[in-house]
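> Below are the sequence and a predicted model for it; my questions follow.
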Amino acid sequence: MTLTRSLVCGLAVIPLALLGLINAQQRGVDLGLEREAAEFGGEDAYALAVRAVEIGELPTAKRHLKDYVTSSPMDARGLSLVGGLAAQAQNALGTDAAFRAAALLGWRDVPTQLYWFSTALAANDVTTAAQRLDALLRTSTSTQLTEPLLATLEAIPAGREAVTARLALNPDWAASYVQSVSTLQNEQATARMDVIRRAHNAGLTVACEDIGYTVNALARKQSLDMAFALWSIGCANGQARANTLRNADFEEPLPQAARAESPFDWALSSSGSMQVSIEPISGRSGNVLQIRSSGTISEPSASQIVRLAPGNYEVTWQSSAPKTPDEMMRPVVRCLETGYSIATEKIEDRAVRVAIPENCDWQSFAIVPPTRISAAAAPWWIDQIRIRPLG
């Protein structure tokens, strides 16, 4: 039985923090601390030790650190600072002994977790590295520290698998991890989205109201594939399809919180002279999109982003009966890559044909109501919009 184990079995008379030191010294490991009798320094001793390290006064730092470890043996901060000094002195055995002792005191000490993260990574043990990173993320450690560590794991398949396993457990850092995807560039954003997808399939819960800002930020960056994938995970349980209008019958409620809004839902555009709403109307079952206006209308009343493959489509709808050409609804389809509108060809009063060109992966589909709606008349309405491929 080792000295450490025998002391633990002996009713834990000696604090655990000192067991690591005693065990290290029993094995002849020099931690770099003087061995004369120590003063009891408390928090002041720790602060003085940290300050001495910052200005490069290492002998002074060691003296104050010894006082602190002696007076506060159950605080991992002292032992992790011992480990840091040993590492700076290239004392590998002392470094390992100090961080082993610090690890016995819990998981909240950041330097200890960093040490064991790097040790695990050096041994190609990505599962343990992910566990240590999980602990760091749970301590609300600065993203400036944790993002490079995440990037290191996300850059390799085994690392992504290990992070996925931790994320699927719905840790308290899950929401911030998901939201951060919009701040990343290229390969790292793609890798993080891959982890999010797989974690969702394995049990990760993503709340729609937690990702609205992120989805919109990705859309503004023209990362629409990623934006839609994240929106589908958080707001449609991964089941949404991009190649059709969503909520084309206006029966699903729109997000009530601004933080849940996205370009893949209907965006209503009320203004001073135009009021747009989704509600029931007399003579029809269910909801319709209603527009009331007291002036000339030139802007869309509702829009959403879709992804139609290149080809010909027929757009049909039901609406208030048009009496003149000015009372026709005008669907406006715009290619988001180029910003250009795509011409539509009228087939009949409530049907048009549109041809989606190549190199136009994502489109904005907008409803422009009749140019003028009488304020005294019943509100204009539209419902049951359908987009069907031709041929």
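Yep, it's here. Quick caveat, the model's predicted, so the values are computed rather than measured.

> Could you give me the buried positions within the longest helix seen in the chain?
Identified as the longest helix of the chain according to DSSP state H is helix 186-201. Applying a neighbour-count criterion of 16 or more other C-beta atoms under 10 Å, one finds 188, 189, 191, 192, 193, 195, 196, 197, 198, 199, 200 buried in helix 186-201. C-beta coordinates here come from the backbone N, C-alpha and C atoms, glycine included.

> Against which helices or strands is that helix packed?
Secondary-structure packing of helix 186-201 (3 or more C-beta pairs under 8 Å, 6 or more residues apart in numbering; DSSP states H and E): helix 143-154, helix 157-167, helix 174-179, helix 224-235.

> hmm, back to that, show me which of the buried residues of helix 186-201 is closest to residue 166.
residue 199 (8.5 Å; C-beta to C-beta).

> could you check the distance from the closest one over to residue 171?
The spacing between residue 199 and residue 171, counted by C-beta to C-beta, to the nearest Å, is 10 Å.

> do residue 42 as well
Taking C-beta to C-beta, one finds residue 42 at 34 Å from residue 171.

> Show me what stretch 219-239 is in contact with.
178, 181-182, 189-190, 193, 196-197, 200-201, 206-208, 210-211, 214-216, 218, 240, 242, 255, 260, 262-265, 305, 307, 336-337, 361-362 (C-beta atoms under 8 Å, 6 or more residues apart in numbering).

> again, only this time at 7 Å
Contacts to stretch 219-239, defined as C-beta atoms under 7 Å, 6 or more residues apart in numbering, come from residues 181, 189, 193, 196-197, 200, 206-208, 210-211, 214-215, 218, 240, 242, 262-264, 305, 362.

> In strands only, show me those.
Among the contacts of stretch 219-239, the members falling in strands (DSSP state E) are residue 305.

> Show me just the buried residues among the contacts of stretch 219-239.
181, 189, 193, 196-197, 200, 206, 208, 210-211, 214-215, 218, 242, 262-264, 305, 362.

> thinking again about what came up before, what's the offset of the longest helix of the chain from the middle of its chain?
A distance of 10 Å separates the centroid of the chain from that of helix 186-201, by C-alpha atoms, centre = their mean, to the nearest Å.

> cool, stretch 69-86 as well?
35 Å.

> and what of stretch 313-324?
Distance, centroid of stretch 313-324 to centroid of chain: 41 Å (C-alpha atoms, centre = their mean).

> could you give the mean pLDDT of that stretch?
For stretch 313-324, mean pLDDT is 83.

> count of neighbours near residue 269?
A count of neighbours around residue 269, defined by other C-beta atoms under 10 Å, yields 15.

> I'd say it and residue 300 touch.
Yes - counting by C-beta atoms under 7 Å, residue 269 does reach residue 300; the two are 5.9 Å apart.

> tell me the pLDDT at the closest residue to residue 211 other than its chain neighbours?
Nearest non-adjacent residue to residue 211, counting by C-beta to C-beta, 6 or more residues apart in numbering: residue 234, 4.4 Å away. pLDDT for residue 234: 90.

> State the distance from residue 234 to residue 196.
9 Å.

> Helices of this protein, residue ranges please.
Under DSSP H, the chain gives helices at 3-9, 16-26, 42-54, 58-71, 76-88, 92-103, 110-122, 126-138, 143-154, 157-167, 174-179, 186-201, 208-220, 224-235.
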